[in-house]
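**Student:** Task: produce atomic coordinates for the following.
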Amino acid sequence: MEQKRTRGPYAKSAAQRQNILAAARRTFAQLGYSGASMRGIAEEAGITFTGLRHHFATKDELLVAVLTQRDEEHQAQQADIHGTDFLNALGALLHQTLDEPAITEIFTTVSGEAVSPDHPAHEFFTRRYERVRREFSTELDPGVGEPAVVTIAPENAAILLAAVMDGLQLQWLLDESVDVHGAFADFIGLLRPPPASDGSAT
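**Tutor:** Down below sits the predicted model:
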């Protein structure tokens, strides 16, 4: 019984945090980062401004939490996909980000601003790209005796994949006529090893 009482407030706090993040995500999607306010997010979440500030002191902190949540969702979706299948799944992941254009716009805008070490999201983006490069290169590195997943060093492929995915999102935000999916599929084709020859005569 004592254990339940101890865990109760924690569970309630965690649920409230998720409620706030969902409200913030909706608000950012509707109004953008500049148009959203902490008081508006609190109203959307159905809590007081003071209650919101108990969990997130500033809008910057709340933004980083929303971006972190989106990253964690993407990680969970990719968790059981490996090797060649992982490479294939990145196209679907790119498509998913474009289905949430306002959040993608915020991500793209803030990532550029966050190059400054003083920016509140600098640490988030620095760690994110470190993690993405590490995870991508690990997934693209074949096991002993396994066929190559990409034609270049997995570490370099990871850097290029992150750059191309984020760069295509930026171009699409500027011009929705850009064929993001076709261009990304062609890029993946450039990374793939050629089909193994069956040795038959032509």
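
**Student:** Give the full set of residues in contact with L93.
**Tutor:** H74, Q77, Q78, M165 (Cβ atoms under 8 Å, 6 or more residues apart in numbering). No exception for glycine: its C-beta is placed from N, CA and C like everyone else's.

**Student:** In strands only, show me those.
**Tutor:** Among those, the subset assigned to strands under DSSP state E is empty.

**Student:** Please check the residues you listed and keep the buried ones.
**Tutor:** Q78, M165 (16 or more other Cβ atoms under 10 Å).

**Student:** Could you tell me which of the contacts of L93 belong to helices?
**Tutor:** H74, Q77, Q78, M165 (DSSP state H).

**Student:** Assign the residue nearest in space to the middle of the chain to one of the three secondary structure states.
**Tutor:** Nearest to the geometric centre of the chain sits D71, at 3.6 Å (Cα atoms, centre = their mean). When classified by DSSP: H, G, I helix; E, B strand; the rest coil, D71 comes out as helix.

**Student:** Once you drop chain neighbours, what's closest to L191?
**Tutor:** In this structure, L191 finds its nearest non-sequential neighbour in V150, 4.5 Å apart by Cβ to Cβ, 6 or more residues apart in numbering.

**Student:** How much space separates that neighbour from L52?
**Tutor:** As judged by Cβ to Cβ, to the nearest Å, V150 and L52 stand 45 Å apart.

**Student:** Just give me the neighbour total for the closest residue to T48 other than its chain neighbours.
**Tutor:** Nearest residue to T48, sequence neighbours excluded (Cβ to Cβ, 6+ apart): A42, at 6.3 Å. A42: 21 surrounding residues under other Cβ atoms under 10 Å.

**Student:** same question, L67
**Tutor:** A count of neighbours around L67, defined by other Cβ under 10 Å, yields 21.

**Student:** Let's test this: mean pLDDT of the host helix or strand of it, rounded?
**Tutor:** Taking DSSP states H and E as the criterion, L67 maps to helix 59-78. Helix 59-78 carries an average pLDDT of 88.

**Student:** cool, stretch 116-127 as well?
**Tutor:** 92.

**Student:** how about it: buried residues?
**Tutor:** H119, P120, A121, F124, F125.
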